[in-house]
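A.B. asks: Return a 3D structure for these sequence lines:
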Amino acid sequence: MKNVVKHELVSKGVKMKKGIIALGISCLLLGIFSTMPIAKPQSVHAASTMKYGADRKFTVPRKMRGTWVSRSKKTAYKSFKLTAHTVTFTGLSYYYKRYNGKWNLYHMNDRWYSKYMYTMTGVRANSYAQKHHWLAARKDQGGKYFFKLDWTNDNAFSFFLNNKSKKVLHFENESYNNDYYRR
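C.D. replies: Reported below is the predicted structural model:
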């Protein structure tokens, strides 16, 4: 009888040692894997923005955000709305109607632009930007902001916005040089 009880105690001790060892190993593995960095998945959009020269989103200054309306009948746009990273156009002119809708604003990578501007990659980038509604934007001298409507081409539709006052925005373009927009 003593031998049977002694045998049961020994087998319980062995089982307990195995359980403690298994628990220790699992805690060790958990500690090792929890300290390893986890790679964040890259989105397809981020990869394509870098592929086609968009550095980062362009941020419109707060004082320029809002809806701007032209009272002139000879104007490029009836109105446009500037938000933090987008512009929404409502075209009045026949030529500008193709830019109606919401467009995302990006900084153009200058090295990418100078390298691929006149290549097939530049052509593909331009069509990709048109399809996904990208505009290149940058701050220029004198408080002006430049909006480039074709991704790789400086065309006649590109324009400058100059914030004259809180309520007046000057639209400067080859075709529409004296357009003023008001809130």
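A.B. asks: Every contact and neighbour count from this point should use C-alpha atoms.
C.D. replies: OK.
A.B. asks: Starting from the helix or strand of the chain with the lowest mean pLDDT, tell me the next helix or strand along the chain.
C.D. replies: None of the helices or strands of the chain scores lower by mean pLDDT, DSSP states H and E than helix 44-51, at a mean of 57. Using DSSP states H and E, the helix or strand that directly follows helix 44-51 along the chain is strand 54-57.
A.B. asks: Please point out which parts of that next one sit buried.
C.D. replies: 54, 55, 57 (16 or more other Cα atoms under 10 Å).
A.B. asks: List the strands paired with that strand, with their directions.
C.D. replies: strand 101-108 (antiparallel) (DSSP bridges).
A.B. asks: Not counting its own residues, what contacts the strand it pairs with?
C.D. replies: 53-59, 85-90, 133-138 (Cα atoms under 8 Å, 6 or more residues apart in numbering).
A.B. asks: now those residues: which count as buried?
C.D. replies: Using 16+ other Cα under 10 Å, the buried ones in the contacts of strand 101-108 are 53-55, 57-59, 86-90, 133-138.
A.B. asks: so how far is residue 87 from the closest residue to residue 96 other than its chain neighbours?
C.D. replies: Nearest residue to residue 96, sequence neighbours excluded (Cα to Cα, 6 or more residues apart in numbering): residue 76, at 6.3 Å. According to Cα to Cα, to the nearest Å, residue 76 stands 15 Å off from residue 87.
A.B. asks: and the closest residue in space to residue 163 that isn't next to it in sequence, how many residues sit next to it?
C.D. replies: Once flanking residues are discounted, residue 163 sits nearest to residue 169: 4.7 Å by Cα to Cα, 6+ apart. Neighbourhood size, residue 169 [other Cα atoms under 10 Å]: 21.
A.B. asks: One more: the one 5 residues further on?
C.D. replies: The tally of other residues near residue 174 (other Cα under 10 Å) stands at 11.
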